[in-house]
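# What follows is a protein structure lacking sequence information:
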């Protein structure tokens, strides 16, 4: 029967076998069916490792007017509720001229115009709506001083862009026609916020100058940016003595040009003449730059670029540590993301298809964990990493933007941050036989075996373990069997309550629910409610009591590829 089929002709088969193709294919099929080795995660509750700083509770976006939109306010309230400490928010366009309308990568406040005689006119109405929203929710602004008002720009036309069509770096990206007028704007802006919210509150905020001045976000020279920084920092501190000012919020120093800009800035702040005061150096209370990953779409799937992301962080840390003046200065990643364009949809950019799925959550957990390790390795003072993702108004459901929620529905990645918010108390020792070493990840990413790792904390009578299973390639794979052993619990503990929260293809995943509904363009009220519920953090199973034997708890579970588990044990 088989010989009658040309596809199975013995001569053809022999040639095929000689080529090695069939052998390789057969070996591949065998590997695909193999049961993965069990990953052993060891948590030692009696081995404290210091404070787990909440480096994850920083977020940002381009469009400031989303802040007080209904979905924006809902999301901000959720961010505030999930964090044990205040969340920080950074946004572009706080000085941009316009009527307050928004579009992709655009927003405006109209804080500065000029009358017929060129005299400044300040208008705080829209700014107050933004900052009142923050204050009402207990959110701390990371105040970005930018962009250039139309009346101050040396090249004011064209001004408003129409992304994704045409050039976005228009009149708002240019230097001021008068640095003195720019400084007056900064002074009056900070003074207004100080008067409205008080000294105690505003001194807890962070103030930074511009965004990515090493690329066309700043149409001036590097020297002109240093001048802008000096005038801005001086104006902030005159209006609010004791304020914390930083920068330069340049792009990720993984490439030589960005690295050189960061060095130039740090050298200026340490040793060069200040353009505003004439003194040596400039105030610098924190140092910021923007590392990003580099995903691609190849062979029909997304392949993430986590090595690119981590290498930029590592190089930035090394640059800061090379300056004796700044070795102990806090470092803030002003944007830290899998790639660079939050407003570029997956429909137009298939490499961004990771954004709706749990892969974004697993990537985020991996990067945050590696940042802790890199900061400890380089002995730098790391403060936080801004996730440049928020929400987009008037866009289709799950359009593939880099956001935390879509039309009021939380995405899987937001539940990764909810999990980090549950890591309360001090850090304790945690190790995994499935972890890819940091050095290997920096060189080559996670392209072979998956990265199964964990982080753990303890407070009072509670131990929390966050585990994840990450791989750069978004392709189907077997679940990882996990053997979790928690030791070092008190002798008097004989039983404990186990809670197991999960993010994966079917849990805490509104996108999966939306697809199951048939991907409705306009969900009904009942569907919207179901989607919003599916977007919350869910448990894998009902809480249950488990035995504690000789200070140890032993658990076995399967962790899907790109999945996260949060295990909470209380006694």
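Great, that's in hand. The shown structure was predicted, so the numbers you read here are calculated from the model rather than taken from an experiment.

# Report the beta-bridge partner residues of residue 112.
Under the criterion DSSP bridges, residue 112 forms beta bridges with residue 122.

# Quick check: it touching residue 121?
Yes: the criterion here is Cβ atoms under 8 Å, and residue 112 meets it with residue 121 at 7.3 Å. From N, CA and C alone the C-beta is placed, and that goes for glycine too.

# quick one, which of the two is more surrounded?
Ranked by neighbour count (other Cβ atoms under 10 Å), residue 112 and residue 121 place residue 112 first, with 23 against 11.

# need the contact list for the more buried one.
Contacts of residue 112 were listed using Cβ atoms under 8 Å, 6 or more residues apart in numbering, and they are 95, 97, 120-123, 149, 151-152, 185.

# residue ranges of the helices in the stretch 301-450 of the chain, please?
For the stretch 301-450 of the chain, applying DSSP state H, counting those that start in this stretch gives helices covering 306-321, 358-378, 412-421, 438-444.

# With residue 225 as the reference, name the closest of those.
Smallest distance to residue 225 across these (Cβ to Cβ): 17.3 Å, for helix 306-321.

# And for that closest one, what's in contact with it?
252-254, 259, 262-263, 266, 287, 289, 291-294, 326-327, 329, 331, 333, 336-338, 363, 366-367, 370-371, 374-375, 378-380, 382, 438, 441-446, 472.

# from the residues you listed, which would you call buried?
Buried members of the contacts of helix 306-321, scored by 16 or more other Cβ atoms under 10 Å, are 252-254, 259, 262, 266, 287, 289, 291-294, 326, 329, 331, 333, 336-338, 363, 366-367, 370-371, 374-375, 378, 380, 382, 441-442, 445-446, 472.

# how close does the closest residue in space to residue 550 that isn't next to it in sequence get to residue 82?
Leaving aside its sequence neighbours, residue 550 sits nearest to residue 491 (Cβ to Cβ, 6 or more residues apart in numbering; 7.8 Å). Plainly put, residue 491 is 34 Å away from residue 82 if you go by Cβ to Cβ, to the nearest Å.

# If we go by neighbour counts, what in the strand or helix carrying residue 71 is buried?
For residue 71, the host element (DSSP states H and E) is helix 70-82. Using 16+ other Cβ under 10 Å as the test for burial, helix 70-82 gives 71-72, 75-76, 78-80, 82.

# What lies in contact with it?
57, 59, 66-67, 86-87, 89, 133-134, 137-139, 390-391, 393, 404-405, 407-408, 410, 414, 417-418, 421.

# try 6 Å this time
Applying Cβ atoms under 6 Å, 6 or more residues apart in numbering, the contact partners of helix 70-82 are 66, 87, 137-139, 391, 405, 408, 418, 421.

# now stretch 174-188
By Cβ under 6 Å, 6+ apart, stretch 174-188 touches 112, 122, 145, 148, 152-155, 219-220, 224, 231-232, 235, 238-239.

# Mean confidence (pLDDT) on that stretch, please.
For stretch 174-188, mean pLDDT rounds to 98.

# and if you look at stretch 305-321?
98.

# Tell me which residues of it come out buried.
For stretch 305-321, a neighbour-count test (16+ other Cβ under 10 Å) marks 305-317, 319-321 as buried.

# Figure out how far it is from the centre of its chain.
15 Å (Cα atoms, centre = their mean, to the nearest Å).

# What of stretch 444-460?
Centroid separation for stretch 444-460 versus its chain: 17 Å, with Cα atoms, centre = their mean.

# for stretch 420-433, same thing?
Distance, centroid of stretch 420-433 to centroid of chain: 19 Å (Cα atoms, centre = their mean).

# what's the span of that stretch, first residue to last?
End-to-end span of stretch 420-433 (Cα to Cα, to the nearest Å): 22 Å.

# how about it: buried residues?
The neighbour-count check on stretch 420-433 (16+ other Cβ under 10 Å) flags 420-423, 425, 427-428, 430, 432 as buried.

# Ok, stretch 52-68 next?
Across stretch 52-68, burial judged by 16+ other Cβ under 10 Å covers 52, 54-68.

# For that stretch, which outside residues touch it?
72, 83, 85, 87-94, 100, 102, 105, 107, 129-130, 133, 368, 384-388, 390, 393, 420, 423, 427, 457.

# Give me the buried subset of the residues you listed.
Buried by 16+ other Cβ under 10 Å: 72, 83, 87-94, 102, 105, 107, 130, 133, 368, 384-388, 390, 420, 423, 427, 457, out of the contacts of stretch 52-68.

# how distant is the helix or strand harbouring residue 527 from the center of its chain?
In this assignment (DSSP H and E), residue 527 forms part of helix 525-534. In terms of Cα atoms, centre = their mean, the centre of helix 525-534 is found 26 Å from the chain centre.

# And for the helix or strand immediately after it in the chain, what's in contact with it?
Next along the chain after helix 525-534, taking DSSP H and E as the criterion, comes strand 538-539. For strand 538-539, the external contacting residues (Cβ under 6 Å, 6+ apart) are 500-501, 507-508.

# For the protein, which helix or strand comes out least confident on mean pLDDT?
Ranking every helix and strand in the chain by mean pLDDT, DSSP states H and E puts helix 10-19 at the bottom, with a mean of 33.

# In a strand, residue 454, correct?
Yes: under DSSP: H, G, I helix; E, B strand; the rest coil, residue 454 sits within a strand.

# Now it: closest residue in space that isn't a chain neighbour?
Residue 454 sits nearest to residue 467 (Cβ to Cβ, 6+ apart), 4.1 Å away.

# try residue 134
Residue 134's closest residue in space is residue 141 (Cβ to Cβ, 6+ apart), at 5.4 Å.

# re the thing from before, mean confidence for the helix holding residue 71?
The model assigns helix 70-82 a mean pLDDT of 98.

# what pLDDT does residue 20 get?
Model confidence at residue 20, given as pLDDT, is 40.

# end-to-end on stretch 430-446?
Start-to-end, stretch 430-446 (Cα to Cα) is 20 Å.

# no wait, stretch 471-485
Per Cα to Cα, stretch 471-485 runs 23 Å from first to last residue.

# same deal with stretch 214-232?
With Cα to Cα as the measure, stretch 214-232 spans 17 Å from end to end.

# Give me the buried positions along that stretch.
214-215, 217-220, 222, 224-232.

# With stretch 106-125 instead?
Applying 16+ other Cβ under 10 Å to stretch 106-125 flags 106-112, 120, 124 as buried.

# what comes into contact with stretch 427-437?
39-45, 47-50, 52, 446, 451-458.

# Which among the residues you listed count as buried?
Looks like the contacts of stretch 427-437 have 39, 41-45, 49, 52, 446, 451-458 buried, using 16+ other Cβ under 10 Å.

# mind listing which of these are in strands?
Cross-referencing the buried ones among the contacts of stretch 427-437 against strands under DSSP state E gives 39, 41-45, 49, 451-458.
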